[in-house]
Structures are given as structure tokens and as C-alpha cells.
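give me a 3D structure for the following:
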Amino acid sequence: MYELKININNCSKLLKKTKKTKIKTLLNELLKRGTEPEEYDKNEKNRRKILKELAVELDKEIVKYNEENIIFEILDMNDNEIIFTYGDSSKKVFLSNLSELWETESSLNYAYRVLDWVEEVESISNKPIYMANKNEVTDIIPVVFNDTSYYGMRFRVKVFMEIQLFLEEFIKVELNSLGWEIYFKSDRFRNIFLVDEPITKEELLKLFNISKNAQNGIIPLLIFEGLTFSRIEEKDEIRYLKELNIKNNEIKIEKEDNNSRIIHIDNEIRHAISNVIHEKYILQNRFGHEDIKMLNKSEYLLKVAKNNGTNNNILTYRGAYSRLSHCFDTYQINISHKTINPKIIKLSGQYHYINKYISEGFTQQEAMRRTLKRFGEWVFLKDVKKEPSHMSNRQKMNRLKKKWEVYNNSMSLS
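Numbering: from 1, shown residues only. Here you go, the predicted structure:
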């Protein structure tokens, strides 16, 4: 539980510095109630509530008048490192209240991280997230949803909604801003969830064909087809893909614990991979000019350029992402201005294969199950009949279903 106490030193400094009468009045009241509680109220619970109300009201005045954006820490928490740039006391009072309501420590810590993360967004309007007006919320929405999962997005909105409801209802602070609550309601949330238009397979094939290096252009295609691209070595399947594991129209992904799988590919992808295998040189852009480098011979599909300063035949995540970045630039210059990144490519591939399997006569549920298996997200068991009821598989099916429904809704509106 987050415990709160008054930061007497900071309040005293602010009292000497401020010229605002209302701020002085609130500070004096806060300091008296914080240092001489027996003179005001013997009921500790009620006293703490009044202190919180005073701190939030004072915080509101500081946000209103503090044009120089100086941080005044009115309240301390049990973690001395916690200090928010915008609405410090209001957020601490909210987190303290939340710690009494939420049971899991992980959810509470995530709520704190959300409020810490959003400060970069708050710096644009120079005020707390809960005070954003309608236009500012519209600008914030895409930022909130650009780097996390469906549930991560939804949780952020939930935190913004909870802090606004808390300040308005419990502390009785009038915010006069658009409530985040309407964005948490499913229909409104789903309409804004898919902020990026999916990438198509045809676009990625075109990207491969116009890329100067097949070694570059194949990476987006492999992500789309279901291989994992990750900075975590144990999870990455693209950088560790061996040529001998590609036979005819199949890619074999070898995993431990019964989780190996076969990814079936069509002739276009097979032809693209063949071009990569036969590529002997790579064109690199360094310091404004292009160099032609010979590729090292190795068992891996993605090869390292010779004289790269390492004896390792496995391409680093940084090297692979650099190749991807060149692809993204080429895509946005020559094909489309749509946002493109590994997450969007993967999600686009999942939508593509759900559609494909449904068109082949499978039910929506079976199409999603096959898609999860293709993308390495399905947990395989010795007893196949128990797989659908496995907790992880059930959660992933539910998440993909939500994303799929949002995608379908987006497509029907476009």
C-alpha cells in the first residue's frame, strides 16, 4: 500500500515563494493539519481524507499558476523516488487510494508506470492527463495506442478514467474536461483501437522486388508469414533460420518442449527465399555513400557482411533492425505512407491468414487457432484434446478474437 505524508520542507519553501493568496491559504491549512492533527480532528481516517483533499486542491492551483513548471512535491510516498512532473499530489493521492482497492501489486505498479509513461505526452500540453480537453484528448489518443497490445491500450485508458473519476467524485475536483470514461466503453474504444491500416502481402512482395538487397526485403515477408522477430535471442526465429530448414514450400521451426512447427509458404515466398539464398553481395549505405560488401558463407538464411568486425555468423538484432529500417523507408517512399513496423506487419499477417483459412472453409475459431499455431503462439500438449482449454491458449484466442473484431469493424467502416 502506498502511504502518504506531507513534505513539510517543500511546502514551507513554496509558502515563502508564492504570491498567490489561495495557494498560501491552502498551504497554511495543509501544514497545520499535517503537523498539529490533535487540534483539528481526532479521527485519523477523516484527517487523512481532508489532507488528501487539501493536497489535491493545492496541486490544482499550482498546475493553474505555475507557468515555469517548477515541480513542488507536496506529498511524499513510501518510495522516495516517486515524483510526477504534472499533478504530483493528485496522482499520489489517486495511487494511494488505488492501493486500497486493487488487490494485485503488479496491477498497482503498472498503474504507476502508466502515469510515469504519460508524462512525455503531458509535456505537450503542459498539464496532467486528467485535465486534457476534447481537442487534446483527440491528439493524445493515437499516442496512447501506438506501442502496446490491446490490453495494454485498454489498461492505459482505464487508469486515465479511474484517476479522473476519483478526482471528480471522491475529491470533488471540477476538471471541465472530456471524460476518459467514454473511451473505455467498448464500442468507442474499438473504433479508435485500430489506428494503423494493415499492411498487405502484395505490398510486401512489391517491397521485396524493389529492395536493393534481397537480404533486407525478406525480413518483413518472414514476419508476415509467421516467424518471430525479437531482440531476445531465444525467441528470434528469423535471424536463426537455417537454409536446410527450408525445403520446397515448407519452413521448419525447431523448438524444444514439443513446440516445433511447420510453416507452409506459397510459391511467391519460396521464390523470394531462393533469391536470398543466391545473393552473394549486399549494398550498404555508410556515411552518405554506398558500399558493396561480400556476404559471409554460413548455414543461416540471413548472412553477415564480411569484415564487419565480428566472427559471429549470426546477424545481430541491431543489424537486422537496421535492414528493416531501410525497408520501412523504401515502403513509405515508394509504396504507401501507412505506418509500418514489426508489430503491424505481424498483426497484418495474422489477419491475412485468418481470412485465408476462413475462405478455405474453416470456422472462424479454427482459423484463429491455425493462425496462432502458424505464428508460434499456440502451446502444444502431448494430449491434443487438452490444448484448446489450456489457459495460455484460451487467453490468446480471446485476445486475437478482440483484435479480429476491431479489424472487421474498421474494414466495414472504410
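
may I see the domains of this protein written out as residue ranges?
4-193, 201-334, 344-413 (automatic domain parsing).

okay if I get these as CSV plus mean pLDDT?
Converted to CSV, the domains of the chain look like this (pLDDT from 0 to 100):
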stretch, mean pLDDT
domain 4-193, 71
domain 201-334, 90
domain 344-413, 88
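
redo those domains as a markdown table? Include mean neighbour count.
Where you see a C-beta, it was placed from the backbone N, CA and C, and this is true even at glycine. Formatted as a markdown table, those follow (neighbours: other C-beta atoms under 10 Å):
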| stretch | mean neighbour count |
| --- | --- |
| domain 4-193 | 17 |
| domain 201-334 | 16 |
| domain 344-413 | 16 |
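
would you map the helices across the stretch 201-350 of the chain?
201-210, 214-225, 267-278, 317-334, 342-359 (DSSP state H, counting those that start in this stretch).

among these, which comes closest to Ala367?
Minimum separation from Ala367 across the helices of the stretch 201-350 of the chain (C-beta to C-beta) falls at helix 342-359, 3.6 Å.

next secondary structure element downstream of that closest one?
helix 364-374 (DSSP states H and E).

so which elements touch whatever helix or strand comes next after that following helix?
Using DSSP H and E, the helix or strand that follows helix 364-374 in sequence is helix 391-413. Packing partners of helix 391-413 (3 or more C-beta pairs under 8 Å, 6 or more residues apart in numbering; DSSP states H and E): helix 150-165, helix 186-193, helix 342-359, helix 364-374.

quick one: helix 391-413 to helix 364-374, angle?
Angle, helix 391-413 to helix 364-374, by axes from the mean of the first three to the mean of the last three C-alpha atoms, to 10 degrees: 110 degrees.

got a list of what Cys11 touches?
Contacts for Cys11 (C-beta atoms under 8 Å, 6 or more residues apart in numbering) come out as Leu27, Leu30, Leu31, Gly34, Ile74.

go on, Asn46?
The contact partners of Asn46, by C-beta under 8 Å, 6+ apart, come to none.

returning to that earlier point: can you tell which of the helices of the stretch 201-350 of the chain is closest to Glu243?
helix 267-278 (5.9 Å).

from Ile218, how far off is Ile335?
16 Å (C-beta to C-beta, to the nearest Å).

likewise Arg318?
Relative to Ile218, Arg318 is positioned 18 Å away (C-beta to C-beta).

doesn't Tyr351 make contact with Phe375?
No - in this structure, Phe375 is not within contact of Tyr351 by C-beta atoms under 8 Å, at 11.5 Å.

quick check: chain neighbours aside, which residue is closest to Gln364?
Ile358 (6.2 Å; C-beta to C-beta, 6 or more residues apart in numbering).

that neighbour contacts Ala367, doesn't it?
Yes - counting by C-beta under 8 Å, Ile358 touches Ala367, with 4.8 Å between them.

quick one: Ile62 and Lys24 touch, right?
No - using C-beta under 8 Å, Ile62 is not in contact with Lys24, being 12.0 Å away.

wait, which of the helices of the stretch 201-350 of the chain is closest to Glu119?
Going by C-beta to C-beta, the one of the helices of the stretch 201-350 of the chain nearest Glu119 is helix 342-359, 23.2 Å.

only alpha carbons, please: show that closest one as PDB.
What follows is helix 342-359, C-alpha atoms only, in PDB (Å, rounded to 0.1, in the frame of the first residue of the first chain):
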ATOM      1  CA  PRO A 342       7.200  -5.200 -36.900                       C
ATOM      2  CA  LYS A 343       4.100  -5.300 -34.800                       C
ATOM      3  CA  ILE A 344       1.800  -4.000 -37.500                       C
ATOM      4  CA  ILE A 345       3.400  -6.500 -40.000                       C
ATOM      5  CA  LYS A 346       2.800  -9.400 -37.700                       C
ATOM      6  CA  LEU A 347      -0.800  -8.300 -36.900                       C
ATOM      7  CA  SER A 348      -1.500  -7.800 -40.600                       C
ATOM      8  CA  GLY A 349      -0.200 -11.300 -41.300                       C
ATOM      9  CA  GLN A 350      -2.500 -12.800 -38.700                       C
ATOM     10  CA  TYR A 351      -5.500 -11.000 -40.200                       C
ATOM     11  CA  HIS A 352      -4.400 -12.200 -43.700                       C
ATOM     12  CA  TYR A 353      -4.200 -15.900 -42.600                       C
ATOM     13  CA  ILE A 354      -7.500 -15.800 -40.600                       C
ATOM     14  CA  ASN A 355      -9.100 -14.600 -43.800                       C
ATOM     15  CA  LYS A 356      -7.300 -17.200 -45.900                       C
ATOM     16  CA  TYR A 357      -8.300 -20.100 -43.600                       C
ATOM     17  CA  ILE A 358     -12.000 -18.900 -43.400                       C
ATOM     18  CA  SER A 359     -12.100 -18.700 -47.200                       C
END
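
show me what that helix is in contact with.
196, 198-201, 204, 220, 223-226, 229, 324, 364, 366-368, 370-371, 374-375, 400, 403-404, 407.

that one relative to helix 201-210, how many degrees between them?
130 degrees.

distance of Tyr351 from Lys338?
According to C-beta to C-beta, Tyr351 and Lys338 sit 14 Å apart.

please disregard the earlier target; I meant Lys13.
Distance from Lys13 to Lys338, by C-beta to C-beta: 51 Å.

same deal with Gly217?
17 Å.

then Ala132?
27 Å.

shouldn't Ile82 be in contact with Tyr112?
Yes - counting by C-beta under 8 Å, Tyr112 is a contact partner of Ile82 at 7.2 Å.

mind listing the strands for the stretch 1-150 of the chain?
In the stretch 1-150 of the chain, the strands defined using DSSP state E, counting those that start in this stretch lie at 4-6, 75-77.

so how far is the first one from its chain's centroid?
In this view, strand 4-6 has its centroid 32 Å away from the chain centroid, taken as C-alpha atoms, centre = their mean, to the nearest Å.

list the contacts of it.
Under C-beta under 8 Å, 6+ apart, the answer for strand 4-6 is 30-31, 34-35, 48, 51-52, 55, 74-77, 92-93, 96.
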